[in-house]
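Peer 1: here is the input, now give the coordinates:
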Amino acid sequence: MDNSNYSPSFFRFEDLRVYQKAVDYYIWVLVNTELVPNAESNSVVQSFIQTAMNIPGKIAEGSSKSKTQFVFHLKESKTAIRQCVMFGSTVLKLNYFNEEQEEVSRNYLMELTKMLGALIGSIQREHTSSHIHYNSGNDEIDEHNSY
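Peer 2: I've put the predicted structure just below:
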């Protein structure tokens, strides 16, 4: 298959670098928690995996909504990131992760936080400028364009 002629994905959120990075983190958590004893029945590990999955999940979910709702879902993704920081600290204290794994996790999460913050800022600036544009001749804002 020839990849030289790039075409955007059918699902636009798949083209977002932050979504791809969030999926990478989710996979990283899956791989790095596999060796935890009884991982499949360990509630801390399972909660960590579920929360890591929520990071790209909320990005995907919000992408089909209005810009205001998309920002809301991106902020929920940031909440999942903060929860993953807590899980990273917890699995370190339980000796499920070593310090290097916890640091890798933390670095992923810091980068994701910055990327989401930039995307949220971009959407809010775009929304504000479109709000001004639309209000100049019409009181209606195009809130239903999906991102």
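Peer 1: max-length helix in the protein?
Peer 2: Counting residues, the longest helix found in the chain (DSSP state H) is helix 99-135.
Peer 1: what's that one packed up against?
Peer 2: Other elements packing on helix 99-135 under the criterion 3 or more Cβ pairs under 8 Å, 6 or more residues apart in numbering; DSSP states H and E are helix 17-33, helix 67-93. Just so you know, the C-beta spots here come from the backbone N, C-alpha and C atoms, and that holds for glycine as well.
Peer 1: and that helix, which residues are buried?
Peer 2: 101-102, 104-105, 108-109, 112-113, 115-116, 119-120, 123, 127 (16 or more other Cβ atoms under 10 Å).
Peer 1: and what of stretch 53-68?
Peer 2: For stretch 53-68, by 16+ other Cβ under 10 Å, it's 53-63, 65-67.
Peer 1: return it as CSV; C-alpha atoms alone will do.
Peer 2: C-alpha atoms of stretch 53-68 as CSV (Å, rounded to 0.1, in the frame of the first residue of the first chain):
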residue,chain,number,x,y,z
MET,A,53,-7.7,4.0,28.6
ASN,A,54,-9.9,6.9,29.4
ILE,A,55,-7.3,9.4,28.2
PRO,A,56,-7.6,8.6,24.5
GLY,A,57,-11.2,7.5,25.1
LYS,A,58,-12.3,10.9,26.2
ILE,A,59,-10.5,12.5,23.3
ALA,A,60,-12.3,10.2,20.8
GLU,A,61,-15.7,10.7,22.5
GLY,A,62,-15.5,14.4,22.6
SER,A,63,-14.3,14.8,19.0
SER,A,64,-17.8,14.3,17.5
LYS,A,65,-19.4,16.9,19.7
SER,A,66,-19.5,20.7,19.6
LYS,A,67,-16.3,22.6,20.4
THR,A,68,-17.5,23.5,23.9
